[in-house]
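> Quick one: sequence plus predicted model below, questions after.
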Amino acid sequence: MISPVSGPGLGPEFKIDGISAGTPSGGGSSFGGILSDKVGALNDLQNQAADQSQALATGQATDVASVVTTVEQAALAMQLAVQVRNKAVDAYQELMRMQV
Amino acid sequence: MGLFDALQISSSGMSAERLRMDVIAENLANANTTRGANGQPYQRQEVLLESASPSFGQVLGGVQVAGIVNDPTPPRRVYDPGHPDADKNGYVTLPNVNPVNEMVDLITASRGYEANVTAMTAAKQMFTKSLNVLR
């Protein structure tokens, strides 16, 4: 005898914790919140770099080393953010191409 | 250990070497100054460096300037009776600055700055290399 096949629906072993579709959760713990925090931090770095560059150009900056460091930090942070964004877009496109 | 600690530390080293160079330039410029502050001949100055205490959440803090101190070695005395600042025996008191020492210090400051720039470039390259893993 063949045991009857259970009905539609996944067993409890296929449930994934932490993903609740359709209920947007605000705050810093969600992916969107983390992303927004990080983009804000990146923007702060870019603003600092712009301010310091302007101070250097107008002759108000006394320490060239700190200006260079700030600008480099902003550039590296931007590169990191761009790479993370490329990864996210790649993952999205991979999902969109998926045969159902 | 943050992402940019190495950059910050190298930056503090570069600032410190820059200040050393400023003070050496001051010493060289005043190598023959007989009328410094408080009417005495100029006294050679030196930069005192100390390791900076790390800020919260960090292990390393880089370097910081503890102060600029006077060198207490005795001044040079040169016989020059025609000098307006000569004493009654005809001796002029000149600063305790030896230009040869200052030039050597200048080279070490310049090389120290270069070393910090190299460390910063290496840290940057390491960061970029790990970013290349992502692409």
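Perfect, I can see it now. Residues are numbered from 1 along each chain as shown, chains lettered A, B, ... in the order given.
> which bits of chain A sit near chain B?
A:63-66, A:68-69, A:72-73, A:76-77, A:79-80, A:83-84, A:86-87 (C-beta under 8 Å from any C-beta of the partner chain). All C-beta atoms are positioned from the backbone trio N, CA, C, and that covers glycine.
> ok, now with 7 Å
Within reach of chain B by C-beta under 7 Å from any C-beta of the partner chain, chain A has these residues: A:63, A:65-66, A:69, A:72-73, A:76, A:79-80, A:83, A:86-87.
> Break down chain B into its helices, ranges please.
B:5-29, B:99-134 (DSSP state H).
> Just the pLDDT for the closest residue in space to B:E26 that isn't next to it in sequence.
Leaving out its chain neighbours, the residue that sits closest to B:E26 by C-beta to C-beta, 6 or more residues apart in numbering or on different chains is B:Q45, at 6.4 Å. At B:Q45, the model reports a pLDDT of 93.
> can you pull the contacts of B:Q45?
Neighbour list for B:Q45: B:23, B:26-27, B:68, B:70-71 [criterion: C-beta atoms under 7 Å, 6 or more residues apart in numbering or on different chains].
> among the helices of chain B, which is the most enclosed?
With neighbours defined as mean count of other C-beta atoms under 10 Å in any protein chain shown, the helices of chain B peak in mean count at helix B:5-29, which reaches a mean of 20.
> Quick check: buried residues in stretch A:83-100?
The neighbour-count check on stretch A:83-100 (16 or more other C-beta atoms under 10 Å in any protein chain shown) flags A:Q83 as buried.
> as a whole number, average confidence for that stretch?
Stretch A:83-100 comes out at a mean pLDDT of 92.
> What lies in contact with it?
Residues from elsewhere that reach stretch A:83-100, judged by C-beta under 7 Å, 6+ apart: B:131, B:134-135.
> Try it again at 10 Å.
A:31, A:35, A:38-39, B:130-135 (C-beta atoms under 10 Å, 6 or more residues apart in numbering or on different chains).
> How far off centre is the longest helix seen in chain A?
Longest helix in chain A, counting residues (DSSP H): helix A:64-97. Helix A:64-97 has its C-alpha centroid displaced from the chain centroid by 9 Å (C-alpha atoms, centre = their mean, to the nearest Å).
> what sits against the closest residue to A:A74 other than its chain neighbours?
If the residues on either side of it in the chain are set aside, A:A74 comes closest to A:A49, at 3.7 Å by C-beta to C-beta, 6+ apart. Counting by C-beta under 10 Å, 6+ apart, A:A49 touches A:67, A:69-75, A:77-78.
> Can I get these in a markdown table including neighbour count?
Listed next are the contacts of A:A49 as a markdown table, based on neighbours: other C-beta atoms under 10 Å in any protein chain shown:
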| residue | neighbour count |
| --- | --- |
| A:V67 | 21 |
| A:T69 | 23 |
| A:T70 | 22 |
| A:V71 | 18 |
| A:E72 | 20 |
| A:Q73 | 21 |
| A:A74 | 21 |
| A:A75 | 15 |
| A:A77 | 21 |
| A:M78 | 14 |
